[in-house]
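> missing the sequence, but the structure's below:
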DNA sequence: AGACCAACCTGCTGGC
DNA sequence: TGCCAGCAGGTTGGTC
C-alpha cells in the first residue's frame, strides 16, 4: 500500500513521539513480521529493550529509527520498518484495545509525558520490522538492508543527471524502470501510473527510446505527484492506509489515472483503460499515452 | 549483468 | 447462500 508519501506521513507522525523516547517493552505477536530481522545478530526484543530513539529517518519506502548506546561491535543499530502492502504504525494511549491485525507492540516512554503504545499492524504480513546496523552510503547512514536502494527523489542526495542517464541506458519498459527501487526509490504502482499519465508516457514504452527531455519531464512529474500526495496526507482507499492517529489521507480525490478505469481522462475525455501488466493493474489514457 | 517472474500473505468483492 | 477466481498500495530470491 504505502508508497513514499504514505510512509513519510507516518514518519512525520511518529517523529515527535518517538525521538528521545525509550523503548520499555516490546511484544512480538507474529514472528513472521520479523522476516527482515537477522536473528544471528541478536534477539529482536533483547536488542531493543531500554534503548532510546535518536531520530526518525526514511529513504524511499523504508523508515528507520537509530538507537543510542553501543550497538553490536562498532555499529550503530536502528529499528527498521517496511510497511509492505498493508502495514501501519499507530500511536495510542496504554488503555487502547488491541488492533485487529496487531503484529508487534511497543511501550515507549517519552522524555516527558506518559508512556504510549506504538503498534505495528499489518494484515498481509508483507511488511516487517528488524534491528539492523547502519552503514555509510554516499552522504548518509542507512541500514545495511537499505544500502542497495537508490535515494528517493525528495532527498538532496538524489542525482537527477544520473537518473536520466541510467533510465535511458536500461532495456525495459518505463513503468518497470520507475518501480525499480535501485534506480529511484519511493515510487509504487499508484504514483507510477499518475506520473506516467502526467508526463503523457505509456508505461510499456521502451526506456532506451525515451528522449532526455522526456526522462526529465517524467522525473519532474514524479516529484510533483509525490509532493502533492504528501501535502494531502497520502492516498487512502480503505482502512489499509492510515496515519499514526488512524486517519485517512485525501489524495485519492486527486487521482487522474490510477483506479479511474472507464472514467474520462481529465485532459482529453477518453476513458481511462486498465491493463494487467507485470502482474498488476496499470491505468492510463489510451489517447494521451501512446506506446 | 540485467531482466523477469513466482512466491510470500490475508481478506474482500463480484460472478455464477 | 456458497464457492471460487481475481484483485489489492511491495520486495525478495531465484532463474534465464
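Thanks, I have the structure now. The structure displayed is predicted, hence computed values, not measured ones.
> Output the set of residues of chain A in proximity to DNA strand C.
Contact residues, chain A versus DNA strand C (Cβ under 7 Å from any atom of the strand): A:1-3, A:6, A:60-62, A:82, A:84-85, A:124, A:126, A:145, A:148-149, A:179, A:181, A:188-190, A:234-238, A:240-241, A:276, A:280-281. All C-beta atoms are positioned from the backbone trio N, CA, C, and that covers glycine.
> Provide a list of residues in contact with residue A:137.
By Cβ atoms under 8 Å, 6 or more residues apart in numbering, the residues touching residue A:137 are residue A:147.
> quick revisit: and the residues of chain A next to DNA strand C, which of them are buried?
A:1-3, A:6, A:60-62, A:82, A:84, A:126, A:145, A:149, A:179, A:181, A:188-190, A:234-236, A:240-241 (16 or more other Cβ atoms under 10 Å).
> list the contacts for the closest residue to DNA strand C within chain A?
Nearest to DNA strand C in chain A, going by Cβ to the nearest atom of the strand, is residue A:188, at a distance of 1.7 Å. If a contact means Cβ under 8 Å, 6+ apart, then residue A:188 has A:2-4, A:61, A:179 as its contacts.
> hang on, the earlier thing: the residues of chain A next to DNA strand C also near DNA strand B: which ones?
Counting by Cβ under 7 Å from any atom of the strand, the members of those near DNA strand B are A:85, A:124, A:126.
> Assign the last one to helix, strand or coil.
So the one you mean is residue A:126. coil (DSSP: H, G, I helix; E, B strand; the rest coil).
> Setting aside sequence neighbours, what's the nearest residue to it?
Once its chain neighbours are removed from consideration, residue A:126 has its nearest residue in residue A:84; the separation is 3.1 Å (Cβ to Cβ, 6 or more residues apart in numbering).
> How about the first one?
In space, residue A:85 comes closest to residue A:126 once its chain neighbours are excluded; the distance is 4.6 Å by Cβ to Cβ, 6+ apart.
> cool, residue A:244 as well?
For residue A:244, the closest residue by Cβ to Cβ, 6+ apart turns out to be residue A:13, at 3.5 Å.
> Pull the residues that contact the helix or strand harbouring that neighbour.
Counting by DSSP states H and E, the element that carries residue A:13 is helix A:4-18. Around helix A:4-18, the neighbours that count as contacts under Cβ under 8 Å, 6+ apart are A:2, A:53, A:55-58, A:60-63, A:65, A:83, A:88-89, A:91, A:108, A:110, A:116, A:118, A:152, A:154, A:185-188, A:191, A:226, A:229-230, A:233-235, A:241, A:243-245, A:249, A:251.
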